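1. A structural model of the following input is requested.
(2 chains)
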Protein chains: 2
Amino acid sequence: MTQDTRLSQQLTFLLEADKLKQVLRASPLCDNSRRENSGEHSWHIALFAMVLADQAGPDVQIDRVIRMLLIHDIVEIDAGDAPIHGKFDVAAQEAKERAAADRLFGLLPPDQAVSFRALWDEFEAATTPDAVFAKSIDRVQPLLLNESSGGGSWTEYNVTLDQIDSRVGVKVAKGAPKLWTFVRARIAPFFSR
Amino acid sequence: MTQDTRLSQQLTFLLEADKLKQVLRASPLCDNSRRENSGEHSWHIALFAMVLADQAGPDVQIDRVIRMLLIHDIVEIDAGDAPIHGKFDVAAQEAKERAAADRLFGLLPPDQAVSFRALWDEFEAATTPDAVFAKSIDRVQPLLLNESSGGGSWTEYNVTLDQIDSRVGVKVAKGAPKLWTFVRARIAPFFSR
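-> So this is what the prediction gives:
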């Protein structure tokens, strides 16, 4: 492959990725002015990982976590965002996301198509220390946006604290137990109003 | 400092950073539907650095570049975005950005306030290999958004290819010379229409 072919493939992928800025999520910005999109969400959680690195176990490589978080939502360009408190067919959504990963990472030069896909698969499987921590970060950020904005998707989906515990808390606690204790105490008053 | 105080400071910074999603830049999204904001821009250029890592010299540490790019625009929360082709008082803008860096990175726990500020200062000074490459990436992305969207800020500010060469090309070429050659050939036809 020529250098130009490689660059052309890389830029095609990067400009296709621009579409992630138009995928809207369930959570609003902190000031409740509009919904967050998946592009800016990906930046925010990468920053969360960078700042909250000391919440990770000693076997976590934060720079790999950051890379994972930068690409983890790209499949939503084709598959859309499936809100955690919404109703959706999990198997069908997973199939859509795998097809999206095939198409989108397939735009890259072959070596990067393989390495980016492997990183995405690792995030999805959530079994390695890096992926478990990445999931904790991805799950904790919307809680703080919902709390700051006065309810957000909690209100929209009529969510209880028990549901937060079982759908979100278990995953945050798995990768970042002290962070979960702290954040749960912070959000709990919202649910006793 | 207690663990809780540290976490509280970190979350205060991360939630203040949410405001970067509301700072609008001069360049539009690729489909020209709206302007890009600085939060999603920061994600996009971190992804650019990850994908285009092979354009960097051997002394560049891409993971440091990614971290630099994730925080480089945070000062715009207070100082706003100064479009490269617009007219503004450079010294006044730099003073506003330094004051913003004082306030925003100062929200972090003291050790992180120092390390994040040092990384931002390094990006601004643009003398280390990591910072020079980071600047190349930050400058090349808007060219591709303008070209894809049909003109963007080039049209708004009536920009010529000579001005692109002197204001942008020199900096892209310094950190990523082959990338600049490729991108310049791609955007040049726009200016000969």
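2. in whichever strand or helix holds A:Phe123, what's buried?
-> Secondary structure assigned from DSSP states H and E places A:Phe123 in helix A:110-125. The neighbour-count check on helix A:110-125 (16 or more other CB atoms under 10 Å in any protein chain shown) flags A:Gln112, A:Ala113, A:Phe116, A:Arg117, A:Leu119, A:Trp120, A:Glu122, A:Phe123, A:Glu124 as buried. Yep, even glycine has a C-beta here, placed from its N, CA and C like the rest.
3. skipping adjacent residues, who's closest to the fifth one in space?
-> Leaving out its chain neighbours, the residue that sits closest to A:Leu119 by CB to CB, 6 or more residues apart in numbering or on different chains is A:Met68, at 5.5 Å.
4. same thing with the third one?
-> If the residues on either side of it in the chain are set aside, A:Phe116 comes closest to A:Phe105, at 4.7 Å by CB to CB, 6+ apart.
5. for that neighbour, what are its contacts?
-> A:Phe105 makes contact with A:Phe13, A:Ile74, A:Gln112, A:Ala113, A:Phe116, A:Arg117, A:Trp120 under the criterion CB atoms under 8 Å, 6 or more residues apart in numbering or on different chains.
6. for the helix holding A:Phe123, output the C-alpha coordinates as PDB.
-> Output of helix A:110-125 as PDB, limited to C-alpha atoms (Å, rounded to 0.1, in the frame of the first residue of the first chain):
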ATOM      1  CA  PRO A 110      -5.800  -3.200   7.500                       C
ATOM      2  CA  ASP A 111      -3.400  -3.100  10.500                       C
ATOM      3  CA  GLN A 112      -5.400  -0.400  12.200                       C
ATOM      4  CA  ALA A 113      -8.700  -2.000  11.300                       C
ATOM      5  CA  VAL A 114      -7.600  -5.000  13.300                       C
ATOM      6  CA  SER A 115      -6.100  -3.100  16.300                       C
ATOM      7  CA  PHE A 116      -9.000  -0.600  16.700                       C
ATOM      8  CA  ARG A 117     -11.500  -3.500  16.500                       C
ATOM      9  CA  ALA A 118      -9.600  -5.500  19.100                       C
ATOM     10  CA  LEU A 119      -9.700  -2.500  21.400                       C
ATOM     11  CA  TRP A 120     -13.400  -2.100  20.900                       C
ATOM     12  CA  ASP A 121     -14.000  -5.800  21.400                       C
ATOM     13  CA  GLU A 122     -12.000  -5.700  24.600                       C
ATOM     14  CA  PHE A 123     -14.200  -2.800  25.900                       C
ATOM     15  CA  GLU A 124     -17.300  -4.600  25.000                       C
ATOM     16  CA  ALA A 125     -16.200  -7.800  26.700                       C
END
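7. in chain A, which helix or strand is least confident?
-> helix A:152-156 (a mean of 93; mean pLDDT, DSSP states H and E).
8. can you show me the strands along chain A?
-> For chain A, the strands defined by DSSP state E cover A:24-28, A:35-37.
9. parallel or antiparallel, which strands does the first one pair with?
-> Strand A:24-28 pairs in its sheet with strand A:35-37 (antiparallel), by DSSP bridges.
10. got the contact list for the partner strand?
-> Taking CB under 8 Å, 6+ apart as the rule, strand A:35-37 contacts A:20-29, A:44, A:145, B:21, B:40.
11. once you drop chain neighbours, what's closest to the residue positioned nearest the centre of chain A?
-> The C-alpha lying nearest the average C-alpha coordinate of chain A belongs to A:Asp138 (CA atoms, centre = their mean; 4.3 Å). Leaving aside its chain neighbours, A:Asp138 sits nearest to A:Ile45 (5.5 Å; criterion: CB to CB, 6+ apart).
12. quick one: contacts for that neighbour?
-> A:Leu69, A:Ile137, A:Asp138, A:Gln141.
13. quick one, what contacts the second one?
-> This means A:Ile137. A:Ile45, A:Phe48, A:Ala49, A:Leu52, A:Val65, A:Leu69, A:Gly175, A:Ala176.
14. can you list those in TSV and add pLDDT?
-> Below are the contacts of A:Ile137 laid out as TSV (pLDDT from 0 to 100):
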residue	pLDDT
A:Ile45	98
A:Phe48	98
A:Ala49	98
A:Leu52	98
A:Val65	98
A:Leu69	98
A:Gly175	98
A:Ala176	98
